[in-house]
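[1] Let's see this in three dimensions:
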Amino acid sequence: MSKATSPRMRKVRILATLGPASNTPEMIEKLFRAGADAFRINMSHGDQASKIALIEAIRALEKRTGRSSTILADLQGPKLRVGRFADGKVELITGKAFRLDRDKTPGDATRVELPHREIFVAIETGARLLLDDGKLVLRVTDHGDDWIETRIEVGGMLSNNKGLNVPDVVVPMAALTDKDRSDLAFALDQKVDWIALSFVQRPEDLAEARLLIQGRAALLAKIEKPSAIDRLEEIVEQCDGVMVARGDLGVELPPESVPPLQKRIVEVSRRLGRPVIVATQMLESMITSPSPTRAEVSDVATAVYDGADAIMLSAESAAGAWPVESVAMMNSIAEAVERDPMHGDRVHFTVTLPDPTTADALAEAAKNIAHTVSAAAIICFTTSGSTARRVARERPSVPLLVLTPRQETARRLGLLWGAHAVFTKDVESFEAMVAKAKRMALRHHLAKAGDRVIIIAGVPFRTPGSTNVLHVVRIIGDELKGYGG
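    Alright, predicted model coming up:
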């Protein structure tokens with residue numbers, strides 16, 4: 001149950017990836033103290049057993065601090081790779097021909113095995129094949145059932161098992177590999193809060209994961225394939241959250257295409273009411289340097305001005321030399337942006353029109369009333385978190401205190417813009433709701449005597465999706481007297 005914890009007044013959330021540089025309880029707590037609101041566990045590296053200690057450390061931190069912890073397990077997804085070479089590596093010469101086929105014989109400068117049958121089915125003449133994170137580029141000139149002829153457009157050294165990207169066609173591969181299914185089952189057993197699905201190409205890719213999760217965690221779609229952009233709104237509608245995964249997106253698209261796409265993904269996610277994370281290379285230089293470049297600072301600031309729910313650190317906090325400093329720097333940048341008097345105006349450049357529902361109408365009204373009467377906070381009672389997401393979509397100028405009787409709801413809301421989620425006892429009546437809202441606003445230092453707060457909830461209580469009450473109250477000085485929970 002809830003302890004009296006002061007919320008972070010910063011509204012954008014920070015998601016820190018854990019790894020070799022941050023895999024001890026002491027380091028995890030340092031990252032939290034520096035500003036991390038949620039933790040990403042990358043299932044691509046290490047074994048499952050090593051993840052248990054990370055999860056236990058995060059949950060122990062939750063007990064010590066009284067603040068709900070949020071854990072995102074990021075599945076690896078299908079990895080496309082070429083085969084091996086007789087000499088371990090070859091040099092591909094620009095302008096020469098190069099063949100990919102199903103022959104397992106070690107390759108040379110003219111050919112190599114491509115063990116993924118799905119690519120041969122989908123490939124088209126004129127499509128590009130990108131090798132080793134886009135360092136080498138092949139153009140398909142002809143293809144058959146088990147061979148692909150290409151012309152080398154950008155050559156270079158290529159070694160065994162290097163990665164392959166196919167940006168110009170939709171490859172009919174299952175979004176979940178056998179490894180992903182095993183990692184997903186493990187993550188659910190460990191009661192993580194979010195599951196991130198990699199390389200989503202179409203809304204159908206989310207179906208199997210959704211079926212396996214069965215509501216035990218929230219599902220996040222990583223947008224890192226150009227094909228996903230073609231059906232972006234459908235994908236966003238089918239998931240609980242979105243990540244702008246700029247790593248592979250930047251490999252498969254020209255670099256200049258990524259910023260406008262980032263803004264489009266953030267805009268669509270916000271409009272449809274899904275938390276959206278901007279990720280990859282945000283403070284990349286801090287892997288080896290104690291300070292970022294000015295361009296990186298501007299990059300982080302842009303995501304905050306655009307109203308992203310969360311910004312993420314990858315190798316900076318997982319494997320870099322300055323993990324705590326990276327989180328502290330991201331926190332400082334975000335706080336500075338949110339202090340800018342123009343921040344509120346810029347966040348509302350994205351128009352989020354309410355759906356024709358009572359809940360959306362009340363969420364929009366709560367934002368407007370908070371501004372008009374200079375309320376100290378909006379206090380939201382919710383079971384599933386839906387009401388909180390609706391209010392957060394409006395990007396109110398005041399803090400959002402979320403009170404929920406479900407611990408899993410409080411934890412999942414750790415990626416939601418502006419939300420301070422508290423796991424606490426449910427209320428049984430309207431009078432109890434009002435009294436509790438006042439007490440919790442005081443206990444969590446979001447209001448003081450004389451302040452107005454706005455309460456939004458659903459009656460009857462314990463009925464998900466019944467948001468139908470908006471109430472404005474003023475706090476008096478003795479609201480905490482006799483409070484026991």
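
[2] C-alpha only now, for contacts and for neighbours.
    Noted.

[3] Strands along the stretch 1-150 of the chain, start to end?
    In the stretch 1-150 of the chain, the segments counted as strands under DSSP state E, counting those that start in this stretch are 13-18, 38-42, 71-74, 89-92, 97-101, 111-113, 128-131, 136-143, 147-154.

[4] got it, and the stretch 151-300 of the chain?
    156-159, 164-165, 194-197, 218-223, 241-245, 276-279.

[5] Quick one: find the helix or strand in the chain with the lowest mean pLDDT.
    Ranking every helix and strand in the chain by mean pLDDT, DSSP states H and E puts helix 246-252 at the bottom, with a mean of 89.

[6] returning to that earlier point: give me whichever of the strands of the stretch 1-150 of the chain is most buried.
    strand 13-18 (a mean of 28; mean count of other CA atoms under 10 Å).

[7] tell me the angle of that strand relative to strand 38-42?
    40 degrees (axes from the mean of the first three to the mean of the last three CA atoms, to 10 degrees).

[8] nearest to residue 430, of the strands of the stretch 1-150 of the chain?
    Closest approach to residue 430 among the strands of the stretch 1-150 of the chain is made by strand 13-18 (31.7 Å; CA to CA).

[9] Which other helices and strands does the closest one contact?
    In this structure, strand 13-18 packs against strand 38-42, strand 310-313, helix 315-318, helix 323-339, with contacts taken as 3 or more CA pairs under 8 Å, 6 or more residues apart in numbering; DSSP states H and E.

[10] got the strands of the stretch 151-300 of the chain as a markdown table, with distance to residue 82 columns?
    What follows is the strands of the stretch 151-300 of the chain, written out as a markdown table (distance: least, CA to CA, whole Å):
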| stretch | distance to residue 82 |
| --- | --- |
| strand 156-159 | 9 |
| strand 164-165 | 7 |
| strand 194-197 | 23 |
| strand 218-223 | 23 |
| strand 241-245 | 23 |
| strand 276-279 | 27 |
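
[11] Minimum distance to residue 21: which of these has it?
    strand 276-279 (18.7 Å).

[12] same for that closest one, what does it pack against?
    Strand 276-279 sits against strand 241-245, helix 258-271, strand 310-313, with contacts defined as 3+ CA pairs under 8 Å, 6+ apart.

[13] Would you mind giving the ones you listed as TSV with mean pLDDT added?
    Compiled in TSV, the helices and strands packed on strand 276-279 are given as follows (pLDDT from 0 to 100):
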stretch	mean pLDDT
strand 241-245	97
helix 258-271	96
strand 310-313	98
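
[14] Indicate which one of these is closest to residue 434.
    helix 258-271 (29.8 Å).

[15] can I get the CA coordinates of that closest one in CSV?
    Presented in CSV, the C-alpha positions along helix 258-271 are these (Å, rounded to 0.1, in the frame of the first residue of the first chain):
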residue,chain,number,x,y,z
VAL,A,258,13.8,9.9,-39.3
PRO,A,259,13.0,13.3,-37.6
PRO,A,260,9.7,13.9,-39.5
LEU,A,261,8.7,10.2,-38.9
GLN,A,262,9.6,10.6,-35.2
LYS,A,263,7.2,13.5,-35.0
ARG,A,264,4.5,11.7,-36.9
ILE,A,265,4.7,8.6,-34.7
VAL,A,266,4.6,10.8,-31.5
GLU,A,267,1.6,12.7,-32.9
VAL,A,268,-0.4,9.6,-33.9
SER,A,269,0.4,7.9,-30.6
ARG,A,270,-0.7,11.0,-28.6
ARG,A,271,-3.8,11.4,-30.6
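
[16] and it, which residues are buried?
    258, 261, 262, 263, 264, 265, 266, 267, 268, 269, 270, 271 (16 or more other CA atoms under 10 Å).

[17] so what's the fifth one up against?
    Yep, that's residue 264 we're talking about. Residue 264 makes contact with no residue, according to CA atoms under 8 Å, 6 or more residues apart in numbering.

[18] The strands of the stretch 151-300 of the chain: which one's closest to residue 65?
    The minimum distance between residue 65 and these falls on strand 194-197, with 20.9 Å, by CA to CA.

[19] helices or strands next to that closest one in the packing?
    strand 71-74, strand 218-223.

[20] Just give the strands next to the longest one in its sheet, each with its orientation.
    Spelled out, it's strand 218-223. Using DSSP bridges, the strands paired with strand 218-223 in its sheet are strand 194-197 (parallel), strand 241-245 (parallel).

[21] Could you tell me which residues make contact with the most centrally placed residue in the chain?
    Centroid check for the chain by CA atoms, centre = their mean gives residue 277 as the closest residue, at 3.9 Å. By CA under 8 Å, 6+ apart, the contact set of residue 277 is 242, 243, 244, 308, 309, 310, 311, 312.

[22] Show me what it bridges to in the sheet.
    Here residue 277 sits in beta bridges with residue 243, residue 310, going by DSSP bridges.

[23] which one of the contacts of residue 277 sits closest to residue 13?
    residue 310 (4.3 Å).

[24] returning to that earlier point: could you dump the strands of the stretch 1-150 of the chain into a markdown table with mean pLDDT and distance to residue 304 added?
    Listed next are those as a markdown table, based on pLDDT from 0 to 100; distance: least, CA to CA, whole Å:
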| stretch | mean pLDDT | distance to residue 304 |
| --- | --- | --- |
| strand 13-18 | 98 | 10 |
| strand 38-42 | 98 | 17 |
| strand 71-74 | 98 | 21 |
| strand 89-92 | 96 | 42 |
| strand 97-101 | 98 | 43 |
| strand 111-113 | 97 | 44 |
| strand 128-131 | 96 | 32 |
| strand 136-143 | 98 | 34 |
| strand 147-154 | 98 | 36 |
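
[25] neighbours around residue 47, how many?
    Residue 47: 10 surrounding residues under other CA atoms under 10 Å.
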